[in-house]
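> How does the following fold in three dimensions:
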Amino acid sequence: MIFDPLYFILLGPVMLLAAFAQYRVKSTFAAASKYRPMSGLSGAETAQRILDVNDMREVKIEQVQGTLTDHYDPRSKTLRLSPQVYSGRSLAAVGIAAHEVGHALQDKKGYAPLKLRNGLVPMASIGTNSSIAIFMVGMLLAAFMGPAIGQPVMIVAIGLFSIGVLFQLINLPVEFNASSRAKRIVVEEGIATIEERQAIDKVLNAAAMTYVAATISAIMTLVYLVIRSRD
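Okay, here's the model as predicted:
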């Protein structure tokens, strides 16, 4: 696959999109990190205020190491924020923290796509991690022992990888919805002004691009596997 021209024809543009999306996330986050919100709240304080307003005392807030490693864990009801978001008093920190609380709100309200996504996590993780190796085994079997033996293995691999693609497709509305909630809540709760929301929107919109790129990448990889399975 590494030296297959077809792979780079299909995935090359997606790789460029993913690289651009990562650049946009870092650049917009850096730009918004320069501005302190009128409320003066840090990311952790932003998250706590939104949780308090929504009577969500069961959700904990923890600091986690890494850069932009922020996430919500529905199993332990824990909101984990990276250092620059947890302690940061910037519009970037406010936006990211509010986005992650958006996932906690989805969890509380039983948001269907989130439930479906969480249910797919174990299978998607196993399928994505193992499918490429299984597919390559299938290709080798097809080359040395014939398509009748190799193709069924490749079909299994495609089925496993398809679970990961489904996960990415379901993840898109989950992430967009969390951002939509965040953009609305920060203004409604006086955490950011309407003018400040413009910077927050840029950060969250840039983050959304990374999910779009990941989804397109998964789809094009699946297309590649299907094409190669028929050779």
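> For the chain, give me the ranges with low pLDDT.
Within the chain, the stretches with pLDDT under 70 are 1-2.
> looking at it, which residue lies furthest from center?
Met145 (39.9 Å; CA atoms, centre = their mean).
> immediately after the helix or strand where Gln151 lies, which helix or strand?
For Gln151, the host element (DSSP states H and E) is helix 147-188. Sequence-wise, the next helix or strand downstream of helix 147-188 (DSSP H and E) is helix 194-229.
> tell me what that next one is packed against?
Counting contacts by 3 or more CB pairs under 8 Å, 6 or more residues apart in numbering; DSSP states H and E, helix 194-229 packs against helix 5-32, helix 91-108, helix 112-145, helix 147-188. Where C-beta positions appear, they are placed from N, C-alpha and C, glycine not excepted.
> Next, format the ones you listed as a markdown table and append distance to Ile227.
Below are the helices and strands packed on helix 194-229 laid out as a markdown table (distance: least, CB to CB, whole Å):
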| stretch | distance to Ile227 |
| --- | --- |
| helix 5-32 | 7 |
| helix 91-108 | 36 |
| helix 112-145 | 12 |
| helix 147-188 | 11 |
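> any idea which of those helices is most buried?
Greatest average neighbour count among the helices and strands packed on helix 194-229 goes to helix 91-108 (a mean of 26), per mean count of other CB atoms under 10 Å.
> Next, the angle from it to helix 5-32.
Using axes from the mean of the first three to the mean of the last three CA atoms, to 10 degrees, the inter-axis angle of helix 91-108 relative to helix 5-32 is 110 degrees.
> quick one on the thing from earlier: could you list every helix and strand in contact with the helix holding Gln151?
With contacts defined as 3+ CB pairs under 8 Å, 6+ apart, helix 147-188 has these neighbours: helix 91-108, helix 112-145, helix 194-229.
> That one to helix 112-145, inter-axis angle?
Here helix 147-188 runs at an angle of 160 degrees relative to helix 112-145 (the same axes, to 10 degrees).
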